[in-house]
Each structure stands twice: as C-alpha cells, then as structure tokens.
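Q: Model the following, please.
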Amino acid sequence: MLTEDQEQQNLIKWSQQPSVRGKYPELALLYHIPNERKCTPQEGARFKRMGVKPGVPDLHLPVARRGFHSLYIEMKTRSGQATENQKWWAERLGNEKNCWALCRGWQEAVSILEWYLGN
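A: Numbering: from 1, shown residues only. The predicted model follows:
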C-alpha cells in the first residue's frame, strides 16, 4: 500500500506528463499547500504565526470551472479518512463556491481533475 505522500507524488508525476499537460494546460497551476510539518516546537510556533492551520487541503488548482472558483484536493491513502479539521475546511471552502474533493489514491484524484477540467 502506498503512503499518502507517495499517492500525491504519483498524482503530480501524472499531471506533469507532456501528454497530460497538452490536454490540460491548467494543471501547470496545480500546487501543494505545505501545511503538514514535522518540526521542533519553536518551528511549529513560528509556522503557526505564519498562518499554518490544521486541516487545510493538500492541493489547490486555482482554476474556475463548473461553477466553482477553484478546486481543492485532500489526498488520502486508499483507506484514509478526513479529520474533523479537514471536514471543517471542506464545508467552508464549499460555502465560498470552491470545489473540495477527498481522494483516496492518486487515480481517484486523476478522475476528479479530469471531471473538473471538463473531460
């Protein structure tokens, strides 16, 4: 079984293929929000002062489609579940007309991206 990091790395690798970028050039805007940190307490306090917040989704595609302002993806392993903080973010992002998707595995994220971008 792949880790969440490996699933996300596979998704990014897929999104960077020339054939995929040719079909979906908007994927050049897909980026990771580095909100998870393994750090010292001092670094954690600094990151918190800088705006790091628990539950923020892993990936963001700032492209308006399907009546949404943008797409946020929370990556999980195939058996992963959303935390309460992640559910809180999903609700608020949805209230602001953003699409939020929990993707269990990189192939599920590919399907969401293809749907969102129109194919």
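Q: ok, then the element right after the worst-scoring helix or strand of the chain on mean pLDDT?
A: Here the helix or strand of the chain ranked lowest by mean pLDDT, DSSP states H and E is helix 41-49, holding a mean of 87. Counting by DSSP states H and E, the next helix or strand C-terminal to helix 41-49 is strand 59-61.
Q: other SSEs contacting that next one?
A: Other elements packing on strand 59-61 under the criterion 3 or more Cβ pairs under 8 Å, 6 or more residues apart in numbering; DSSP states H and E are strand 31-32, strand 71-76, helix 106-117. Using the backbone N, CA and C atoms, a C-beta is placed for each residue, glycine as well.
Q: let's go with 6 Å and repeat that
A: Judged by 3 or more Cβ pairs under 6 Å, 6 or more residues apart in numbering; DSSP states H and E, strand 59-61 is in contact with strand 71-76.
Q: Please name every helix or strand in contact with the strand it packs on.
A: Packing partners of strand 71-76 (3+ Cβ pairs under 6 Å, 6+ apart): helix 4-15, strand 59-61, strand 99-104.
Q: could these be laid out in TSV, adding mean neighbour count and distance to Gln81?
A: Below are the helices and strands packed on strand 71-76 laid out as TSV (neighbours: other Cβ atoms under 10 Å; distance: least, Cβ to Cβ, whole Å):
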stretch	mean neighbour count	distance to Gln81
helix 4-15	17	12
strand 59-61	21	18
strand 99-104	20	8
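Q: Let's have the ones you listed in TSV, adding mean pLDDT.
A: Below are the helices and strands packed on strand 71-76 laid out as TSV (pLDDT from 0 to 100):
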stretch	mean pLDDT
helix 4-15	97
strand 59-61	98
strand 99-104	98
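Q: how about the ones you listed in a markdown table, adding distance to Lys53?
A: Conversion of the helices and strands packed on strand 71-76 to a markdown table gives the following (distance: least, Cβ to Cβ, whole Å):
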| stretch | distance to Lys53 |
| --- | --- |
| helix 4-15 | 18 |
| strand 59-61 | 14 |
| strand 99-104 | 15 |
